[in-house]
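1. What shape does this take:
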Amino acid sequence: MSASAYFGWALVVVPIALQIVYCVRALLRPHREPASRLAWVVVIVVAPVVGVVAYILFGDTNVGRRRIARLRDALRRLPSLTEINAADMDGEGQPRVPERYALLYRVGESISNYPPVGANRAQLMRDSDTTIDAIIADIDAATDHVHLLFYIWLPDNNGLKMVEAVKRAARRGVTCRVMVDDIGSRRLIRSPHWSEMASAKVLTARALPVGIALLRPFKGRVDMRNHRKIVVIDNKITYCGSQNCADPAFTIKARYAPWVDVMMRFEGPIVLQNQHLFASDWMAHVKEDLSPLMREPMPQAEPGFTAQVIGTGAAARYSAMPEMFISLMNAARRELVISTPYYVPDEPIQAALCACAHRGIATSIIFPQRNDSWIVAAASRSYYRELLDAGVAIHEYAGGLLHAKTMTVDGEVTLIGSANLDRRSFELNFENNILFHDPALTAEMRARQQSYIDASMPIDDRMVARWSKPHQLWNNAIAMLGPVL
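-> I've put the predicted structure just below:
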């Protein structure tokens, strides 16, 4: 056989062999729904070259063996918060929660190994600018350390105000550790302000660094990102919510502005759990042991509510975040209200949300009217008809891009944090949330959710029925590829 004949034979056989190999790989990958396996097989068969390349880049949920090993080593070195809380918590610090909600905290503890803790206090921030100003005021009052972790930190007005506050703290001897996601905060990292922080003796780290782009697929998925937003100051104060370190105008996507976020400022034993979560990320990237911070004596416990940090990511079990969301949905007896910018659910999430409405629970969900991701917007709307048929009230917020990720149950329990109801938060991103039981604070959160609803357009069956067939076809086709995207 001539060389040209061998070459022609290889052009036919090699692509088919690669298709078979990656179809088998997609079918054998653990922790994947049948719909996801089917979607990948269809993509690989229909578009052989594009499908195989796409699977190599995005098919496996893999952040890299070395990174997982470093993260697990960091978690092994950090002291157990269960033991610390048992030793340090006095009567006020013991968790107090109605029995019907105790299961929620058991689910949360099974995810992150953080037990529920009492004696917490919190304040709901008024808006994004107020949040930044409050964080800066706390940084200016810090005496020992400042820890900041953001998925997106922009070199805009609010971002640079935060840079200057951290530099001021470092210059007066406060230990400042700043970690940002390598992709989400690339504009800050590439700006002079990043090196200026280091020159001011701020300790900096890039979460999940990309490195050489061409080699990234061999080390893990490039789109598995650290989506957390964590602020810890002096082991006394922490912030949790949806807000990145940026202006509400969000200049990189200004056409969707303002970005509407929600944050809470917490004090009490819950701070140590967010500290532990930050320390695990830091120690997985930097050769510095933050264990001593976990062993510092806790302040005198004061009356407060029970709360728990829930951190998910590559080191947690596969189904962690969906389990938490579904448990909250199942716990509702009167009302469930959710706000999320991105809704690309798996089948159990969609079924649980519909079941909640079917059993007579007043179930509402709030989305942004204009989404910064056209893919997510189309996929989300493909689920509207089923949600409406079940009795879920759908609202599309018209006052900007509603970026708040909140869930309230029966006016008593709140989940706030960084996780969306989408597959990225379920399978790819490192997320952080706080679950708490406090009717008074939940009432404030519920009022904030109501302000979103009041500024929204209600979606009903007639509106969805008026969508054209091409519109419906587009939405459903994009949703079908949800497991791939």
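
2. which intervals of the stretch 251-400 of the chain have sub-threshold pLDDT?
-> Along the stretch 251-400 of the chain, the model assigns pLDDT under 70 to no residue.

3. where do the strands sit along it?
-> In the stretch 251-400 of the chain, the strands defined using DSSP state E, counting those that start in this stretch lie at 259-260, 263-267, 305-312, 335-339, 343-344, 362-368, 393-397.

4. just the stretch 51-200 of the chain next, same as before
-> 117-124, 145-150, 175-181.

5. ranking the ones you listed by burial, who's on top?
-> Stretch with highest mean neighbour count among the strands of the stretch 51-200 of the chain: strand 145-150 (a mean of 24; mean count of other CB atoms under 10 Å). Heads up, the C-betas are built off the backbone N, CA and C, glycines and all.

6. Mean pLDDT added to the strands of the stretch 51-200 of the chain, as TSV?
-> Formatted as TSV, those follow (pLDDT from 0 to 100):
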stretch	mean pLDDT
strand 117-124	96
strand 145-150	98
strand 175-181	98
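
7. quick one, what contacts residue 278?
-> Counting by CB atoms under 8 Å, 6 or more residues apart in numbering, residue 278 touches 147, 149, 177, 179, 230, 232.

8. and which of these is nearest residue 171?
-> Residue 171 lies nearest to residue 177 out of these, by CB to CB, at 15.2 Å.

9. The closest one contacts residue 148, doesn't it?
-> Yes: counting by CB atoms under 8 Å, residue 177 does reach residue 148; the two are 7.4 Å apart.

10. residues near residue 49, how many?
-> For residue 49, the number of neighbouring residues by other CB atoms under 10 Å comes to 11.

11. meant to ask about residue 420
-> Residue 420 is surrounded by 23 other residues when neighbours are defined as other CB under 10 Å.

12. tell me the contacts of the closest residue to it other than its chain neighbours?
-> Among residues not flanking residue 420 along the chain, residue 342 sits closest, at 4.1 Å (CB to CB, 6 or more residues apart in numbering). Counting by CB under 8 Å, 6+ apart, residue 342 makes contact with 371, 373, 376, 380, 420, 421, 422, 424, 425.

13. rerun that using 10 Å as the cut-off
-> By CB atoms under 10 Å, 6 or more residues apart in numbering, the residues touching residue 342 are 367-368, 371-373, 375-377, 379-380, 403, 405, 419-425.

14. And it, its phi and psi?
-> Phi and psi for residue 342, reported as degrees, to the nearest 10, are phi -130, psi 120.

15. Over to residue 458?
-> Reported as degrees, to the nearest 10, the phi and psi values for residue 458 are phi -70, psi 140.

16. hmm, back to that, just the buried residues of the contacts of residue 342.
-> Buried residues within the contacts of residue 342, counting neighbours by 16 or more other CB atoms under 10 Å: 367-368, 371-373, 376-377, 379-380, 403, 405, 419-425.

17. Can you read off the pLDDT for residue 91?
-> pLDDT, residue 91: 59.

18. Can you add distance to residue 433 and give the strands of the stretch 51-200 of the chain back as CSV?
-> Converted to CSV, those look like this (distance: least, CB to CB, whole Å):
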stretch, distance to residue 433
strand 117-124, 14
strand 145-150, 14
strand 175-181, 17
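
19. between those strands, which gets nearest to residue 409?
-> strand 117-124 (16.8 Å).

20. hey, C-alpha coordinates of that closest one in PDB?
-> Provided in PDB are the C-alpha atoms of strand 117-124 (Å, rounded to 0.1, in the frame of the first residue of the first chain):
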ATOM      1  CA  VAL A 117     -23.400  27.400  65.500                       C
ATOM      2  CA  GLY A 118     -25.400  29.800  67.600                       C
ATOM      3  CA  ALA A 119     -24.800  33.300  68.800                       C
ATOM      4  CA  ASN A 120     -24.500  35.000  65.400                       C
ATOM      5  CA  ARG A 121     -25.700  38.400  64.400                       C
ATOM      6  CA  ALA A 122     -26.000  40.000  61.000                       C
ATOM      7  CA  GLN A 123     -26.900  43.100  59.100                       C
ATOM      8  CA  LEU A 124     -28.400  43.200  55.600                       C
END
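
21. contacting residues for residue 104?
-> Neighbour list for residue 104: 97, 116, 308, 310, 324, 327-328, 330-331, 409, 413, 415, 435, 437 [criterion: CB under 10 Å, 6+ apart].

22. same deal with residue 164?
-> Applying CB under 10 Å, 6+ apart, one finds that residue 164 lies in contact with 136, 139, 193, 196, 197, 200.

23. Among the residues you listed, name the ones in helices.
-> Filtering those for membership in helices, criterion DSSP state H, returns 136, 139, 193, 196, 197.

24. what's the neighbour count on the last one?
-> Residue neighbour count, defined by other CB under 10 Å, stands at 20 for residue 197.

25. What strand or helix carries the most centrally placed residue in the chain?
-> Centrality entry for the chain: nearest residue to the mean C-alpha point is residue 419, 3.0 Å, by CA atoms, centre = their mean. Remark: residue 419 resides in no helix or strand, with elements defined by DSSP states H and E.

26. Ramachandran angles for it?
-> Per-residue torsions, residue 419: phi -80, psi 130 (degrees, to the nearest 10).
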